[in-house]
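**Q** Provide a 3D model corresponding to the input given below.
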Amino acid sequence: QFFHSFFGDVVASAVPVGTCGVALPFVVGLAYLSAIRVPGVLFAVVWGSIFTLIAALVALGALARDHARDLRRNNRRDGTERAVSAYLSIGFWVLAFFFFCLSCFMRRAMNLAMGVVKEAARATKDMVTIVLVPIVAAIATVVAAAALTTAVVFAVTAGKKKLVTSDNYEGDFMPYHTYDTTDSQVYAIWYMIFSYFWTLEFISAAAQLVVAVCAATWYFTRDKRTIHPCSTVLFGFCRALFFHAGTVALGSLLIALLRMVRATLLFAHRSVRRLLKSRGDGCCLTLLRRLLNCLCCCLHCCLCCLEKCLRFLHKNAYILTAIFGYPFCKAARTAFFLIARNLARVAALEAVANFIFFLAKLLIAFLCGLICYAWLSAYYLEETHSILFPTLFAIVIAYYLGSAFINVLDTVADTLLLCFITDDELFGDSANGPFATKRPRYE
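**A** As a prediction, this is how the structure comes out:
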């Protein structure tokens, strides 16, 4: 009944939900790009948040210290709470001092990061059609996933069909058909699962490379008036797919192999756990199952961390490919040492950009939700059971589309930072200065 009412409300309010959930996030995102380019806005948001955090830590330390003094003044026999309060106050003050010192040490790098975010907003507005890249990638992902899923279904049902009449479900007799599977079918299914991982990773990596090529082209073009929003993005597509498809294929292959290892580990874990469960519930078997769960959990965590590191390295390798046209291995090695030489700049950009972009995602989602709620409350109260769930549905759609929009901006910002660092290392000491039009005043 709930899902019936929910889908009925969504269908009845399709116009406001579709408008606020699909179209409006891009409008709000472009408005956000204009807002952060206003002088002083980004500075106030970033440094205001930092000093608010430091002040909050100092206040928490003072409150914990006052609580410890009150406990001492009341002569409480149990000194555990008083000691914990005293240690907490010291911990809060140490954290406040650490963040203050870190802010002072990273001041120039954070100013550079804010400048890069501003330039990324400018580049995205100059090449506004670049926001269509994740949409094209999403469509390609859906088509590829549908095709591979169909192939897996055909592989699973390629065996001999037989009727099962001995099973039951909750006491009711329910005969059903199943299919015999041979070893060749099992191998084919695993191959298709690997193809699924590789294809999806290839599409995601190709989208990153297209955005990186467009951003690098924008950076190294002296006269920004010659940047055309359509031709630049089409040039990025052509260069990425015709000249660097092998780089994308190799990078996505490594991630796909790692995901395949994780899937195999998960399958083996479930198979062994099912086997141990069939042996009984003895003390040794229970201990063995717990050890197995702990070991598999640790392996999954390690593989997940390795995958995150590889994704970060691959993203920067694609950026170096976009700048210099390097093959994958050379680009990955160059990107690793380039980041190592400029760790403070990269870390500052990641911290500042992640904070700004997270705020942007929340702003896009909840502003679209607020407009959708006002629209529904004004015109759709009598046509729906409740306007709350369509509003929440619009918020979810707006958040994901806003995330796709902001992820493009994030990739542009990372590309511009590496372009600036490369430009500074290659031409910073020359007589004419960096290749870019002017050296940023925020460095």
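
**Q** next, Thr178: secondary structure please.
**A** Assigned by DSSP: H, G, I helix; E, B strand; the rest coil, the conformation of Thr178 is strand.

**Q** mind listing the residues bridging to the closest residue to it other than its chain neighbours?
**A** The shortest distance from Thr178 to any residue other than its chain neighbours is 5.6 Å, reached at Val164 (Cβ to Cβ, 6 or more residues apart in numbering). All C-beta atoms are positioned from the backbone trio N, CA, C, and that covers glycine. For Val164, the beta-bridge partners are Tyr176 (DSSP bridges).

**Q** number the residues from 557 up from this point.
**A** Yes, from this point I'll number from 557; that puts the last item at Val720.

**Q** for burial, what's the neighbour tally of Val720?
**A** Look at Val720: counted by other Cβ atoms under 10 Å, it has 10 neighbours.

**Q** for His870, same thing?
**A** 26.

**Q** contacting residues for it?
**A** Applying Cβ atoms under 8 Å, 6 or more residues apart in numbering, we find His870 in contact with Ala761, Gly807, Leu810, Ile811, Ala888.

**Q** and it, how far is that from Phe656?
**A** His870 sits 35 Å away from Phe656, going by Cβ to Cβ, to the nearest Å.

**Q** can you show me the helices along the stretch 757-906 of the chain?
**A** Remark: helices assigned in the stretch 757-906 of the chain by DSSP state H, counting those that start in this stretch are 785-799, 801-834, 839-880, 884-897, 899-935.

**Q** in the last one, which residues are buried?
**A** Yep, that's helix 899-935 we're talking about. For helix 899-935, a neighbour-count test (16 or more other Cβ atoms under 10 Å) marks 901-902, 904-909, 912-913, 916-917, 919-921, 923-925, 927-929, 931-932 as buried.

**Q** report how many residues lie close to the spatially closest residue to Asn872 that is not a sequence neighbour.
**A** Of all residues not flanking Asn872 in the chain, Ala891 sits nearest, at 3.9 Å (Cβ to Cβ, 6+ apart). Applying other Cβ under 10 Å, we find 23 residues neighbouring Ala891.

**Q** residue contacts, Ala891?
**A** Leu869, Asn872, Ala873, Ile875, Leu876, Leu974.

**Q** ok, the fifth one to Val908 distance?
**A** Which is Leu876. Counting by Cβ to Cβ - Leu876 and Val908 are separated by 22 Å.

**Q** same thing with the last one?
**A** Distance of Leu974 to Val908, given as Cβ to Cβ: 16 Å.

**Q** and if you look at Asp970?
**A** Taken as Cβ to Cβ, the span from Asp970 to Val908 is 12 Å.

**Q** then Glu863?
**A** For Glu863 relative to Val908 (Cβ to Cβ), the value is 25 Å.

**Q** and what of Thr697?
**A** Counting by Cβ to Cβ, the gap from Thr697 to Val908 is 30 Å.

**Q** touching, Leu797 and Ile759? I think so.
**A** No. With contacts defined as Cβ atoms under 8 Å, Leu797 does not count as touching Ile759, sitting 11.1 Å away.

**Q** can I assume Ala714 sits in a helix?
**A** No. Under the criterion used here (three-state DSSP), Ala714 is coil, not part of a helix.

**Q** quick one: contacts for it?
**A** Going by Cβ under 8 Å, 6+ apart, the list of residues near Ala714 reads Tyr735, Gln741.

**Q** quick one, phi/psi of it?
**A** In terms of degrees, to the nearest 10, the main-chain angles of Ala714 are phi -80, psi -10.

**Q** now it: how far from Asp736?
**A** 10 Å.

**Q** same question, Tyr936
**A** Distance, Tyr936 to Asp736, using Cβ to Cβ: 53 Å.

**Q** the more surrounded of the two?
**A** Ranked by neighbour count (other Cβ under 10 Å), Tyr936 and Asp736 place Tyr936 first, with 18 against 10.

**Q** correct me, but that one touches Ile943?
**A** Yes. Contact criterion Cβ under 8 Å: Tyr936 and Ile943 qualify, at 6.3 Å.

**Q** which one is Ala909 nearest to, not counting chain neighbours?
**A** Ala969 (5.4 Å).

**Q** correct me, but that neighbour touches Leu905?
**A** Yes. Counting by Cβ under 8 Å, Ala969 touches Leu905, with 6.6 Å between them.

**Q** shared neighbours of the two, anything?
**A** The contact sets of Ala969 and Leu905 overlap at Val672, Val673 (Cβ under 8 Å, 6+ apart).

**Q** now the helix or strand encompassing Gly671: buried residues?
**A** Assigning secondary structure by DSSP states H and E places Gly671 in helix 663-682. Residues of helix 663-682 classed as buried: 665-680, 682 (neighbour count, 16+ other Cβ under 10 Å).

**Q** got the angle for it vs helix 899-935?
**A** 50 degrees (axes from the mean of the first three to the mean of the last three Cα atoms, to 10 degrees).

**Q** can I get helix 663-682 in CSV, CA atoms only?
**A** Output of helix 663-682 as CSV, limited to C-alpha atoms (Å, rounded to 0.1, in the frame of the first residue of the first chain):
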residue,chain,number,x,y,z
ARG,A,663,48.0,29.3,4.7
ARG,A,664,49.6,29.8,1.3
ALA,A,665,48.6,26.4,0.1
MET,A,666,45.0,27.0,1.1
ASN,A,667,44.9,30.4,-0.6
LEU,A,668,46.2,28.6,-3.7
ALA,A,669,43.4,26.0,-3.4
MET,A,670,40.8,28.6,-3.1
GLY,A,671,42.1,30.4,-6.2
VAL,A,672,42.1,27.0,-8.1
VAL,A,673,38.5,26.4,-7.1
LYS,A,674,37.6,29.9,-8.4
GLU,A,675,39.4,29.3,-11.7
ALA,A,676,37.7,25.9,-11.9
ALA,A,677,34.3,27.6,-11.6
ARG,A,678,35.3,30.0,-14.3
ALA,A,679,36.5,27.2,-16.6
THR,A,680,33.3,25.2,-16.1
LYS,A,681,31.2,28.3,-16.9
ASP,A,682,33.3,28.9,-20.1
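
**Q** and the angle for that helix with helix 785-799?
**A** Using the same axes, to 10 degrees: helix 663-682 against helix 785-799 is 100 degrees.

**Q** by mean pLDDT, flag the weakest helix or strand of the protein.
**A** Least confident helix or strand, the chain: strand 724-725 with a mean of 50, by mean pLDDT, DSSP states H and E.

**Q** centre of the chain to the strand or helix carrying the residue nearest to Ala909, how far?
**A** Using DSSP H and E, Ala969 maps to helix 944-983. Relative to the mean C-alpha coordinate of its chain, helix 944-983 is positioned 9 Å out (Cα atoms, centre = their mean, to the nearest Å).

**Q** just the buried residues out of the contacts of His870, in PyMOL syntax.
**A** Only the buried entries of the contacts of His870 go into this PyMOL selection, using 16+ other Cβ under 10 Å:
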select buried, resi 761+807+810+811+888
